[in-house]
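Undergrad: mind folding the following:
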Amino acid sequence: MHYVIGSGPAGVAAASALLDRGLDVTMLDVGEECDPDRLAAVTRIAATRAPEQWTREDFRTFRGDSTEQPAGSFPIKRMFGSDFAYAADDDELRQIGTSCVRSHAKGGLSNVWGAAVLPNLAADLDDWPVTLDDLKPHYARVAQLMPVAGAADDLEGPFPFYERPAPPLRPSRLAAVMLARMRGNRERLSKAGLRFGQSRLAVRTDDESGRGCQYTGLCLSGCPYFAIWNSATVVNSLRQNPRFTYQPGWHVDRIEPASAGVRLIATRVGASDPVSFEARHAFVACGPIATMRVVIDSLRAYDRSFSLRFQPYFLLPFVALDHTADVEHERLHTLAQIFMELVDPAVSSHTVHLQVYTFNPLMAERLQRATAWLGPLRPAVKRALLGRLMAVQGYLHSSEAPPIRVTASLQPGRTRLTLTAEPDARVQRIIGRVRRALRRNAAGIGAIPLALFQQIGRPGDGNHVGAAFPMRRTPGEFETDSEGQLPGLRNVHLVDAISLPSLAATTFTYTTMANAHRIADAVARRG
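TA: Numbers count the residues shown, from 1 in each chain. Alright, predicted model coming up:
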């Protein structure tokens, strides 16, 4: 029996690879789910009324309090107003200057992710013990597990589709205008190091069942048609396989050697007595912070310091040069509309990944606050700005910032992790160079950045962390081999982002899943 711990994207990728090789798999998971009454209300409305018929009360049911965010904070994405995807920040985790999250949900943070999908570039794997060629077949298999909706465009050269994509989503009118302008300035932008294209998203496009994207504009608060890919749906599909067993309601505390391979020591949610499970191999995919705790408890590595890498993250408002009317009533999706990849050594030593968003309810709510002082002029100003307002969500390579420092101490009952980081001037300088590069190319892009309203995230914002136990060709202490194994934990494979050597700025989940699938497939092929 092979055990997978965790039901997030890396967990389902590993489980699928094992099952494809005919092995028996048990998945242990905490497995919290959204309130069934909330889900039932959403499903009932979506099934009985077309979006054009939805009332204000219907929208309140879909959104909950999702648009009510503290001024100045980064938006917290919820599902239908529920926080179930986020584990409580209790005494097990202390944060000083960081903003990391954990999940105990079935499907992990894929319940609330942005669904952006791009593979790594070969250059981003220079410090890996495997190559892009090693990952290519696993990118392809992952693309069979989740839909990748995308267009054939300028991104396809450096970022090929490894499996035939689903049809692209329809861009918003504002995004379409911007894309047209950028295509007309392709050569100029290319010389400036900017490559662009329509976003690639893990979303079902419209299909005969009507369960694909219906362009309701509710992507950031939960899709009523569940068109955004969620690894929980893969768990449900895998349960049709007689070789697969899903066991929710378990916290895995530690893993230790056993005669048959490894022994997992776990506790039922709400209970205190430990239970052991025997396995040939264990694949740990709890999410980086929870996986760190499992490793530290398994190796008794207390009172030590570890480095947790993250992708520096920022949010930059954009104002389009061309106005688009009546964006508030457009049928559109509100995930990323456009990807831009900035490759300029004068800006950063690695690719900078930029995602462009057009109108969404969060944007409208924040503009409402910002224009409150205008009184009777507010409606006209709001209409003019909403037709031009966009947001760029940007990520840098993890090597561009010092890591988060993680220390562990044994507390009564469970281990406590302390995460510490300080603002880094280098990150601010790089983001300043990104902003200036975008401003220099504003005429070609069709939009100009607003530096005054820029927000730079704390370490961990954006939920892209990992690389604490990086894979190496010759692993040292607390480094893993190419199959995610630490020297002191043989037959235990760390398959989430915790074992990645580095975090490329381009999207996070796709490569994490491909690597998890690669590791599990390699183990399965040996039998």
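Undergrad: could you look up the SS state of residue 15?
TA: Secondary structure assignment for residue 15 (DSSP: H, G, I helix; E, B strand; the rest coil): helix.
Undergrad: now residue 176. Its backbone dihedrals?
TA: The phi and psi torsions at residue 176 (degrees, to the nearest 10) take the values phi -60, psi -40.
Undergrad: could you check the pLDDT of it?
TA: Note for residue 176: predicted pLDDT of 97.
Undergrad: what does residue 430 give?
TA: pLDDT, residue 430: 98.
Undergrad: and the strands in the stretch 1-150 of the chain?
TA: Using DSSP state E, counting those that start in this stretch, the strands of the stretch 1-150 of the chain run over 2-5, 25-29, 93-96.
Undergrad: and those strands, which one averages the lowest pLDDT?
TA: strand 93-96 (a mean of 94).
Undergrad: and it, which strands flank it?
TA: Partners of strand 93-96 in the sheet, by DSSP bridges, are strand 415-420 (parallel).
Undergrad: okay, the strands of the stretch 1-150 of the chain in TSV with distance to residue 76 next?
TA: C-betas here are computed from N, CA, C, even on glycine. Converted to TSV, the strands of the stretch 1-150 of the chain look like this (distance: least, C-beta to C-beta, whole Å):
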stretch	distance to residue 76
strand 2-5	26
strand 25-29	23
strand 93-96	15
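Undergrad: ok, which of the ones you listed comes nearest residue 159?
TA: Checking these against residue 159 by C-beta to C-beta gives strand 2-5 as the closest, at 28.5 Å.
Undergrad: tell me the contacts of residue 87?
TA: 101, 102, 103, 104 (C-beta atoms under 8 Å, 6 or more residues apart in numbering).
Undergrad: name the nearest of the residues you listed relative to residue 479.
TA: Among the contacts of residue 87, and counting by C-beta to C-beta, the member closest to residue 479 is residue 102, at 23.1 Å.
Undergrad: how about the closest one, nearest residue that isn't a chain neighbour?
TA: Using C-beta to C-beta, 6 or more residues apart in numbering and skipping residues adjacent in sequence, the residue nearest residue 102 is residue 87, 4.1 Å away.
Undergrad: quick revisit: most tightly surrounded among the strands of the stretch 1-150 of the chain?
TA: strand 2-5 (a mean of 29; mean count of other C-beta atoms under 10 Å).
Undergrad: relative to that strand, what are the paired strands and their orientations?
TA: Strand 2-5 is paired, per DSSP bridges, with strand 25-29 (parallel), strand 281-284 (parallel).
Undergrad: of all those strands, which lies closest to residue 211?
TA: Here strand 25-29 is closest among the strands paired with strand 2-5 (C-beta to C-beta), at 24.9 Å.
Undergrad: as PDB, could you dump the C-alpha coordinates of that closest one?
TA: Below are the C-alpha coordinates for strand 25-29, written out as PDB (Å, rounded to 0.1, in the frame of the first residue of the first chain):
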ATOM      1  CA  VAL A  25      -3.300   4.100  -2.900                       C
ATOM      2  CA  THR A  26      -4.800   5.400   0.300                       C
ATOM      3  CA  MET A  27      -5.100   9.200   0.800                       C
ATOM      4  CA  LEU A  28      -5.100  10.600   4.300                       C
ATOM      5  CA  ASP A  29      -6.500  14.100   4.700                       C
END
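Undergrad: what's the neighbour count on residue 345?
TA: Other residues near residue 345 come to 8 when the count uses other C-beta atoms under 10 Å.
Undergrad: coming back round to it: could the strands paired with strand 2-5 be laid out in a markdown table, adding distance to residue 469?
TA: What follows is the strands paired with strand 2-5, written out as a markdown table (distance: least, C-beta to C-beta, whole Å):
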| stretch | distance to residue 469 |
| --- | --- |
| strand 25-29 | 20 |
| strand 281-284 | 10 |
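Undergrad: pull up the gap between residue 433 and residue 394, please.
TA: 12 Å (C-beta to C-beta, to the nearest Å).
Undergrad: now for the chain: which helix has the highest residue count?
TA: helix 509-526 (DSSP state H).
Undergrad: packing partners for it?
TA: Taking 3 or more C-beta pairs under 8 Å, 6 or more residues apart in numbering; DSSP states H and E as contact, the helices and strands that helix 509-526 lies on are helix 9-20, helix 132-145, strand 281-284, strand 492-494.
Undergrad: just how off-centre is that helix within its chain?
TA: 18 Å (C-alpha atoms, centre = their mean, to the nearest Å).
Undergrad: same question for stretch 164-171.
TA: 19 Å.
Undergrad: mean confidence for stretch 297-312?
TA: The average pLDDT within stretch 297-312 is 95.
Undergrad: pLDDT score for residue 325?
TA: 87.
Undergrad: what does residue 42 give?
TA: For residue 42, the model assigns a pLDDT of 95.
Undergrad: same thing with residue 404?
TA: 98.
Undergrad: is it bridged to anything, and to what?
TA: residue 308.
Undergrad: test my guess that it contacts residue 419.
TA: Yes. Assessed by C-beta atoms under 8 Å, residue 404 is found in contact with residue 419 at 5.3 Å.
Undergrad: report the set of residues contacting both of these two.
TA: 98, 100, 308, 460.
Undergrad: share the number of residues neighbouring the last one, please.
TA: Other residues near residue 460 number 23, with proximity taken as other C-beta under 10 Å.
Undergrad: contacting residues for it?
TA: 95, 98, 99, 100, 101, 310, 404, 419, 421.
Undergrad: what's the answer for residue 200, then?
TA: With contact taken as C-beta under 8 Å, 6+ apart, residue 200 is in contact with 116, 117, 118, 148, 149, 150, 155, 165, 339.
Undergrad: local confidence estimate at the nearest residue to it once chain neighbours are set aside?
TA: Excluding the flanking residues, the one nearest residue 200 by C-beta to C-beta, 6+ apart is residue 150, at 3.7 Å. If you check residue 150, the pLDDT there is 96.
Undergrad: so residue 150 touches residue 162, yeah?
TA: No. Judged on C-beta under 8 Å, residue 150 makes no contact with residue 162 at a distance of 11.4 Å.
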